[in-house]
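**Student:** generate a structure from the sequence data that follows.
(one chain, ligands or ions: 2)
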Amino acid sequence: MDQPHPLQPLAHAIRFLSVDAIVRATEGHQGVPLGMAEIATALYANHLKHHPADPTWWDRDRVVLSNGHGSMLVYSLLHLCGYERMGLEQVRSFREFGSHCAGHPEYDPAAGIEVTTGPLGQGIANAMGMAVAEAYQRARFGSDLVNHYTYAFVGDGCLQEGIGQEMISLAGHLGLGHLILLWDDNLITDDGSTALSISENVAERFRVAQWQVLEVDGHDINAVSAAIEAAKQDPRPSMIACRTTIARGLARLQGQRGGHSARLYDEDAQQMRQDLNWPHAPFDIPPEVQKAWRATTQHGTQEHARWQARLAALPTAQRNTFERVLQGQLPEGWLSALQALKSELHGQQPQGGINLSAAINDALTDLMPERLVGCADLEAPTGHKRRLQAFTAQNPGGAYLHCGVREHLMGAMCNGMAAHGGVVPVSVTYLAFSDYMRPAMRMAALMGLPVKFVFSHDSIGIGKNGPTHQPVEILASLRAMPNMLVMRPADAVEAVECWEVALQHRSGPVSLVFARQALPHVRATADTNNHSARGAYVLAEAQGGPREVTLLATGSEVALALAAREQLQQQGTPTAVVSMPCWELFDQQDAAYHRQVLQTGTVTVAVEAAVQQGWERYLGPCGGFVGMRSFGASGPADMLFKHFGITAEAVVQAVQRLQNPKLMQSSVQETST
Ligand SMILES: Cc1ncc(C[n+]2csc(CCOP(=O)(O)OP(=O)(O)O)c2C)c(N)n1
Ligand SMILES: [Mg+2]
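**Tutor:** Ligands and ions are numbered 1, 2, ... in the order given. Sure, this is the predicted structure:
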């Protein structure tokens, strides 16, 4: 009989910890930790560069569990390697409220969890973003400081998702040699055999996209380890197809559909103990195995010390720059550069909203080389490349990523870049296509990652491209997302102010929503005060008496509200205009500020070229709304605004109807809140 591999007990330790935790929790997904135990052992014991005592060490290899349902695999690994936040009490409390061992892994770098995963496909795209960030940083700072790999555990599900194919395609094209996938090639998903839903050769999809593909027995530690070595040496990204048996070791379920997550019982664990000759109590890892696991981290610990020494030996200026970007701090002079731009733009002819963002982007180029801009094949209409070089296989120091028409991937890559750190990811596309990356935006918000999502073409204001390209419900849907700032600037000054806030905002993503059409100046001056930072402010106060009417607006409709105010003032109605570039920031202000701005009790009408949903909260008992109630249409923008009744006259009429209840009766539908 063959001798068992000396690392086999280490793999079994993963198996038993995982099964014990799942039995205790009465639920979980055993298929992955049991099926990938040897793969993970080969990676961690023979290759991975990490230092559990310093989980966020900059030059560590990154590991993403893209098949996030297999969370116990990662928790077991982190525990066995000695991550402080992954003590045994955490593993024992798997899936309990407050545990670091949540149902699916939740972003917590200090605990060793690089990204939140669970929605299949996101993780591999995150991993690709990390590999981009690493390659970019390496080009900039040299491989003495930046030289790590990104590994992703991947299941069949991730590769069935569309985003999986987007990732295969672009990562191969960009030649991301430090990206290594470990595919749990078990021929099974939740429904049963993969033959139910797929007939192509998955590995071939990688080959044709310029990946190195290696195929091994995923339960053979030496074979997996050798494949990882080959992957590290190859300049292409690598996919290691590891043929495995789901739930291996669990007699009742291995290789079966139920291996994925069928309920486990004490008897299953007992049976596995017998079958694998593991005479230890639940959660009891024998000292020699524990020691062997700890010993696997020695190599990383040494690398950590060498890296620290190289960092310390750097010339001060270089070290300061490096440390600044690692910490995500803004460079000196960023604010004054933006404030100078504010007055400059204010003094110029009005420009298209997205062009303002492009100008801001240009102004930051030299100051913030850590910005990495991705765009989904809309370079010309969005203008964010101008002063940047393309990031390519030959030139990974380029700061502009031609993502191709792959919005979902772009969003998820940006999340990976932000989680990796050292770069400031910016994603650019049209607002209507944000739906294609919404799953990634949701993950950015959930993780609290500082991604800047820039959007152009924000309304019917785009005109003739028609309703497919005219978002009407998307502002409302983005505003519904917790922890997402949604900013819609009204003019050049607000555009700069919103970017100023966005750059400083580190606790979550920001959606910066710009019009395609020119935004007339609505601010009288370009003072250094950031009025947009409070989310909403009185742009023009009522004159000639106490305020009677409050008009609320965002973006391109602020100019329209000002025109309506003109008319109302002329009719003797003291009217204020409140610009509301960011609801979320306004909601954070205190009650006194809310009262001052909104003056509840005055007749309030909101105007936005979008659906009403959500505005109710600012409109009070006698409020009205002027906006969209259907999808848009194809035609010149000014005609569309008239056709859909979004005009200064319509705002004035809405005010008058509210002031005169009799008139209101006849138009309840139009103005009801
Ligand atoms: C986007 C998404 N769709 C569906 C699910 C639900 N789900 C979780 S695991 C799984 C099966 C995935 O199969 P595979 O990746 O092969 O994992 P295995 O069964 O081999 O562990 C499904 C459908 C999910 N988590 N994410
Ligand atoms: Mg599978």
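
**Student:** centre-most residue in the chain?
**Tutor:** The central residue of the chain, meaning the one whose C-alpha is nearest the mean C-alpha position (CA atoms, centre = their mean), is Ala444 at 3.0 Å.

**Student:** not counting sequence-adjacent ones, nearest residue to that residue?
**Tutor:** Pro509 (4.0 Å; CB to CB, 6 or more residues apart in numbering). Every C-beta, even on glycine, is put in place using the N, C-alpha and C of the backbone.

**Student:** kindly report the same for His47.
**Tutor:** The spatially closest residue to His47, leaving aside those adjacent along the chain, is Ile228, at 5.1 Å (CB to CB, 6+ apart).

**Student:** burial measure for the one you found, as a count.
**Tutor:** For Ile228, the number of neighbouring residues by other CB atoms under 10 Å comes to 24.

**Student:** how much space separates it from Leu401?
**Tutor:** Spatial separation of Ile228 from Leu401 under the definition CB to CB, to the nearest Å is 27 Å.

**Student:** likewise Lys49?
**Tutor:** Look at Lys49 and Leu401: by CB to CB, they are 26 Å apart.

**Student:** which of those two has more neighbours?
**Tutor:** With neighbours defined as other CB under 10 Å, Lys49 and Leu401 compare such that Leu401 has more, 29 against 20.

**Student:** if we can go back for a sec, isn't the residue nearest to the centre of the chain right next to Met413, touching?
**Tutor:** No - counting by CB atoms under 8 Å, Ala444 stays clear of Met413, with 11.1 Å between them.

**Student:** go ahead and confirm Met447 touches Asn415.
**Tutor:** Yes - under the criterion of CB under 8 Å, Met447 lies in contact with Asn415, with a separation of 6.9 Å.

**Student:** name the residues contacting each of these two.
**Tutor:** In terms of CB atoms under 8 Å, 6 or more residues apart in numbering, Met447 and Asn415 are both contacted by the residues Val115.

**Student:** of the two, which one has the most company?
**Tutor:** Between Met447 and Asn415, counted using other CB under 10 Å, the more crowded position is Asn415 (31 against 21).

**Student:** list the contacts for the more buried one?
**Tutor:** Residues near Asn415 by CB under 8 Å, 6+ apart: 115, 122, 125-126, 129, 425, 440, 443-444, 447, 449, 451.

**Student:** for the record, mean pLDDT for stretch 307-326?
**Tutor:** The pLDDT scores in stretch 307-326 average 97.

**Student:** with stretch 159-167 instead?
**Tutor:** Stretch 159-167 carries an average pLDDT of 98.

**Student:** quick one: end-to-end distance for stretch 420-438.
**Tutor:** With CA to CA, to the nearest Å applied, stretch 420-438 spans 20 Å between its terminal residues.

**Student:** tell me the buried residues in it?
**Tutor:** Along stretch 420-438, the positions that meet the burial threshold by neighbour count (16 or more other CB atoms under 10 Å) are 420-434, 436-438.

**Student:** could you do stretch 359-379 as well?
**Tutor:** Within stretch 359-379, the residues that qualify as buried by neighbour count (16+ other CB under 10 Å) are 359-364, 368-376, 378-379.

**Student:** do stretch 571-579 as well
**Tutor:** By 16+ other CB under 10 Å, the buried positions in stretch 571-579 come out as 573-579.

**Student:** quick one: least confident helix or strand in the chain?
**Tutor:** Using mean pLDDT, DSSP states H and E, helix 668-671 stands out as the lowest-scoring helix or strand of the chain, at a mean of 43.

**Student:** just the pLDDT at Gly142, thanks.
**Tutor:** In this model, Gly142 carries a pLDDT of 97.

**Student:** do Tyr618 as well
**Tutor:** With respect to pLDDT, Tyr618 has a value of 97.

**Student:** can you check Val216 too?
**Tutor:** The per-residue pLDDT reported for Val216 equals 98.

**Student:** how would you label the residue nearest to the centre of the chain: helix, strand or coil?
**Tutor:** Secondary structure, DSSP: H, G, I helix; E, B strand; the rest coil: Ala444 is helix.

**Student:** can you tell me how far it is from ligand 1?
**Tutor:** 16 Å (CB to the nearest ligand atom, to the nearest Å).

**Student:** which residues does that residue contact?
**Tutor:** For Ala444, the set of contacting residues under the criterion of CB under 8 Å, 6+ apart consists of 411, 414-415, 418, 451, 453, 484, 508-509.

**Student:** if we use 6 Å, what do you get?
**Tutor:** With contacts defined as CB atoms under 6 Å, 6 or more residues apart in numbering, the neighbours of Ala444 are 415, 451, 509.

**Student:** over to Arg205?
**Tutor:** Applying CB under 6 Å, 6+ apart as the definition, the contact partners of Arg205 turn out to be Ile168.

**Student:** the stretch 501-650 of the chain: helices as residue ranges?
**Tutor:** Using DSSP state H, counting those that start in this stretch, the helices found in the stretch 501-650 of the chain span residues 557-570, 583-587, 591-598, 616-619, 637-643, 648-659.

**Student:** who wins for proximity to Met36 among the ones you listed?
**Tutor:** helix 583-587 (39.9 Å; CB to CB).

**Student:** any figure for the gap between the residue of the chain found nearest ligand 2 and Gln30?
**Tutor:** Here the residue of the chain nearest ligand 2 is Asp156; by CB to the ion that distance is 3.7 Å. Computed with CB to CB, the distance linking Asp156 and Gln30 is 16 Å.

**Student:** what helix or strand is whichever residue of the stretch 351-500 of the chain sits closest to ligand 1 on?
**Tutor:** Residue nearest to ligand 1 within the stretch 351-500 of the chain: Pro439 (7.5 Å; CB to the nearest ligand atom). For Pro439, the element it lies in under DSSP states H and E is helix 438-447.

**Student:** which parts of the stretch 101-250 of the chain sit against ligand 2?
**Tutor:** Contact residues, the stretch 101-250 of the chain versus ligand 2 (CB under 5 Å from the ion): 155-156, 186, 188.

**Student:** what of the chain?
**Tutor:** By CB under 5 Å from the ion, the part of the chain that sits against ligand 2 consists of 155-156, 186, 188.

**Student:** who's in contact with the residue nearest to Ala444?
**Tutor:** When contacts are counted by CB under 6 Å, 6+ apart, Pro509 touches 444-445, 451, 484.

**Student:** just put those residues in a markdown table and tack on distance to Gln90.
**Tutor:** Formatted as a markdown table, the contacts of Pro509 follow (distance: CB to CB, whole Å):
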| residue | distance to Gln90 |
| --- | --- |
| Ala444 | 26 |
| Ala445 | 25 |
| Val451 | 29 |
| Met484 | 29 |
